[in-house]
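Undergrad: here you go, sequence then predicted model.
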2 protein chains.
Amino acid sequence: MGGTGKAPKYQKVFDALQREIQSGRVKAGDRLPSEAELERTFGASRITVGRAVRDLQLAGLVERRAGSGSYVKARNVSEALSFGLLIPDLGETEIFEPICQGMMASPPARQLALLWSPARRP
Amino acid sequence: MGGTGKAPKYQKVFDALQREIQSGRVKAGDRLPSEAELERTFGASRITVGRAVRDLQLAGLVERRAGSGSYVKARNVSEALSFGLLIPDLGETEIFEPICQGMMASPPARQLALLWSPARRP
DNA sequence: GAACATTTGTACGTATGTATT
DNA sequence: AAATACATACGTACAAATGTT
């Protein structure tokens, strides 16, 4: 019933950090714990932690700076929205869920997505 | 001049496979060489090859099936386009470039993207 | 500026598990 | 059952960028 009971470890780390960010407990601009710290916190290796943090980066939730750390990005849609993108046939939707959640904060975006969603074979 | 001269190895593998796919030399449904073969071809480790192929998967260019192999996905936008997505403030645009290229094949998508692009602070 | 510690980036080797053939 | 191929995960090493002393 746990939900994340059987999930791979990198995904548990990803989910945990994502919750920290989206719950607002770590705010935009805050630095995440170093990957060495995350290793100890989650009992995971560098590879596992690194993959989780990289996935957060790909999702646009954090920014990694070599020599400095990983920082939570500003997700204020009103300020950050720079362009629209149409993605054909995503295979790995997992990473894009956080993006969708951020997107939902923008009513115009939701409207546009709904407009486009049923369009097929244009 | 080289272009890919100083790029990391995983990116060279990614680029090489991407060219194979988008040039049409490997068609939709074709199976890529196994990762063990790619290791030999590029003189790279499993981790490096795996990252390149996973990035291709995240970009929606290939599908990985455990026990079987990695297959080139159908990128016919007319058939594959399932929904639109608006991505605020991408940090790692590299992976999304192949998606954009596929998107450009659809005139309605291009029109919609242009419509939305200049919209800020909705 | 220089030296040093910290932190992320890339890369290798290896082991084990799971799915497919 | 067995071989193949991807999936996850560990440990390690060195490079590059950054921050501090």
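TA: Good, I have the coordinates.

Undergrad: which residues of chain A fall in helices?
TA: Secondary structure of chain A, counting by DSSP state H: helices at A:9-22, A:35-42, A:46-58, A:77-80, A:97-103, A:107-116.

Undergrad: ok, of these, where does mean pLDDT dip lowest?
TA: Set side by side, the helices of chain A give their lowest mean pLDDT on helix A:77-80, at a mean of 44.

Undergrad: nearest to DNA strand D: which residue in chain A?
TA: With CB to the nearest atom of the strand, the shortest gap between chain A and DNA strand D falls at residue A:67, namely 2.1 Å. C-beta here means a position set from N, CA and C on the backbone, and glycine is covered the same way.

Undergrad: show me what contacts that residue?
TA: For residue A:67, no contacting residues are found, by CB atoms under 8 Å, 6 or more residues apart in numbering or on different chains.

Undergrad: and it, how far from residue A:34?
TA: 11 Å (CB to CB, to the nearest Å).

Undergrad: what's the local residue count around residue A:30?
TA: 14 (other CB atoms under 10 Å in any protein chain shown).

Undergrad: go on, residue A:55?
TA: Here the number of neighbours of residue A:55 (other CB under 10 Å) works out to 22.

Undergrad: next one: the one 10 residues further on
TA: Counted by other CB under 10 Å, the residues lying close to residue A:65 total 9.

Undergrad: try residue A:61
TA: Using other CB under 10 Å, residue A:61 is surrounded by 24 other residues.

Undergrad: that one and residue A:71 touch, don't they?
TA: No: using CB atoms under 8 Å, residue A:61 is not in contact with residue A:71; the gap is 10.2 Å.
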